[in-house]
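**Student:** below is the structure, and that's it, no one-letter string:
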Ligand SMILES: Nc1nc2c(ncn2[C@@H]2O[C@H](COP(=O)(O)OP(=O)(O)O)[C@@H](O)[C@H]2O)c(=O)[nH]1
Ligand SMILES: [Mg+2]
């Protein structure tokens with residue numbers, strides 16, 4: 001039987017909030033591969049890190065959306081290419097807590113764009129923090145259109161779901177229908 005579905009990748013640099021995003025949209029029903037961090041540098045930022053991927057399935061207005069979160073450490077970036085197979089689009093999460101993190105995200109974004117020309121959303125996370133960087137600033141820094149850059153608080157369900165909805169919207173705007181074989 002044929003069935004509508006979408007595969008969306010959640011990518012972005014280390015500690016931008018990818019795992020949090022996948023956990024939030026799935027209400028905790030997530031398959032995750034987090035392990036304690038292995039280097040001193042990483043441990044200064046957080047305690048656990050994704051080594052393979054995060055995964056969840058959510059139903060959005062009748063469509064099954066398969067969401068895969070990538071590992072963020074650069075030495076695990078080869079996984080991105082693996083996880084990108086068959087995707088319809090992606091959400092690129094930027095840590096908006098400081099301008100330095102936004103600047104650092106740019107090369108990671110370029111890497112993602114090299115995987116192919118897919119519909120995508122750039123989500124500027126941690127908007128709950130004081131002095132967080134605005135989506136319009138990120139659009140300027142990344143040199144992209146304002147309409148693909150959206151605010152995000154990955155800890156909040158409404159916010160995370162609305163980012164997912166925007167990604168689905170952009171995917172549907174590009175191609176009307178996706179069918180599993
Ligand atoms: N203030 C705030 N912190 C967040 C938000 N989303 C994630 N974080 C924190 O950012 C850190 C990295 O999150 P994580 O999901 O592990 O990042 P990943 O490496 O991209 O998977 C964790 O300490 C999270 O609690 C958010 O919306 N607001
Ligand atoms: Mg993670």
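**Tutor:** Received, thanks. Please read all numbers here as calculations on a predicted model, not as lab measurements. Ligands and ions are numbered 1, 2, ... in the order given.

**Student:** all the strands of the chain, in order from the start?
**Tutor:** 5-11, 34-36, 48-50, 54-60, 63-69, 89-95, 120-125, 149-151 (DSSP state E).

**Student:** which residues sit against the last one?
**Tutor:** Same thing as strand 149-151. Applying C-beta atoms under 8 Å, 6 or more residues apart in numbering, the external contacts of strand 149-151 come out as 96, 121-124, 127, 134-136, 138-139, 142, 159, 162-163, 166. Heads up, the C-betas are built off the backbone N, CA and C, glycines and all.

**Student:** which positions in stretch 96-109 come out as buried?
**Tutor:** 96, 97, 101, 102, 105, 108, 109 (16 or more other C-beta atoms under 10 Å).

**Student:** and the longest helix seen in the chain, how far from the chain's centre?
**Tutor:** Looking across the chain with DSSP state H, the single longest helix is helix 157-174. Centroid separation for helix 157-174 versus its chain: 11 Å, with C-alpha atoms, centre = their mean, to the nearest Å.

**Student:** quick one, that helix and strand 89-95 angle?
**Tutor:** 140 degrees (axes from the mean of the first three to the mean of the last three C-alpha atoms, to 10 degrees).

**Student:** the closest residue to residue 38 other than its chain neighbours: neighbouring residues, count only.
**Tutor:** The shortest distance from residue 38 to any non-neighbouring residue, by C-beta to C-beta, 6 or more residues apart in numbering, is to residue 49 (7.9 Å). Neighbour count of residue 49, defined by other C-beta atoms under 10 Å: 22.
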